[in-house]
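K.L.:
Turn this into a structure:
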Amino acid sequence: MADNTFVAVVNDTDPKNKGESYPCSISGSDYNQFIGKKIGDVVEGQFVKHKETEEHLDGYKLEITGGCDNVGTPMRRDLDGGAKKPLLVTSGTGFKGHKIVNKKGQRYRTKHEGLRMRKKFRGSTITNETRQINLKVVGKGKKSLAKISGKESSEEE
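P.N.:
Numbering: from 1, shown residues only. Next up is the predicted model:
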């Protein structure tokens, strides 16, 4: 990736915010802080800034929960490294485990017992090929995520 930027999706786990997600970005010198991190690692929020307000998430602790590369290949926690690897999977991360069938003009979703498929996944380590990182709030900062994103003023009205 030439521009050295990650798209970060930060999920607020506070019940008051109902699990809302906020778009953020990671670029510049902050980009290097994430290279080599794995799914499940906790990082500081000062390396992540909100996309629209350009404000850093100071004081927040964020856990890496997943991500994908530039073509949409999902990351899996149980794979080591950052390369693409084929896996034979049942329904779960990256595979829904059902087929859509059209009968008499209607669409039906059918599940077959034992349906498995070989799919490619990325490993759990963040590399230069990673495009999106999913983050979950573990520790709160001084300002709420709604204030940082500028959404709180519209919610109060």
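K.L.:
can you list contacts of stretch 122-130?
P.N.:
Residues from elsewhere that reach stretch 122-130 (CB atoms under 8 Å, 6 or more residues apart in numbering): 1, 4, 6, 34-40, 64, 67-70, 73-85, 133. (Each C-beta comes from the backbone N, C-alpha and C, glycine too.)
K.L.:
what about the closest residue to K61 other than its chain neighbours, distance to V9?
P.N.:
Closest residue in space to K61, ignoring its immediate chain neighbours: G139 at 3.2 Å, by CB to CB, 6 or more residues apart in numbering. Separation of G139 from V9 (CB to CB, to the nearest Å): 18 Å.
K.L.:
So for these two, which residue has more residues nearby?
P.N.:
V9 (16 against 12; other CB atoms under 10 Å).
K.L.:
And what about the most centrally placed residue in the chain, helix, strand or coil?
P.N.:
Nearest residue to the geometric centre of the chain (CA atoms, centre = their mean): N134, 2.1 Å. Three-state call for N134 (DSSP: H, G, I helix; E, B strand; the rest coil): strand.
K.L.:
give the contact list for it.
P.N.:
8-9, 11, 64-67.
K.L.:
give me phi/psi at the residue nearest to K61?
P.N.:
Taking degrees, to the nearest 10, you get phi -130, psi 130 for the backbone angles of G139.
K.L.:
hey, where'd the strands end up in the protein?
P.N.:
In the chain, the strands defined using DSSP state E lie at 5-11, 21-27, 42-44, 49-50, 61-69, 84-89, 99-103, 106-110, 117-122, 130-139.
K.L.:
And the contacts of the second one?
P.N.:
Contacts of strand 21-27 from elsewhere in the structure, counted by CB under 8 Å, 6+ apart, are 3-12, 33-34, 47-52, 57, 133, 135, 145, 148-149.
K.L.:
ok, back up a step: show the contacting residues for the residue nearest to K61.
P.N.:
G139 makes contacts with 59-61, as judged by CB under 8 Å, 6+ apart.
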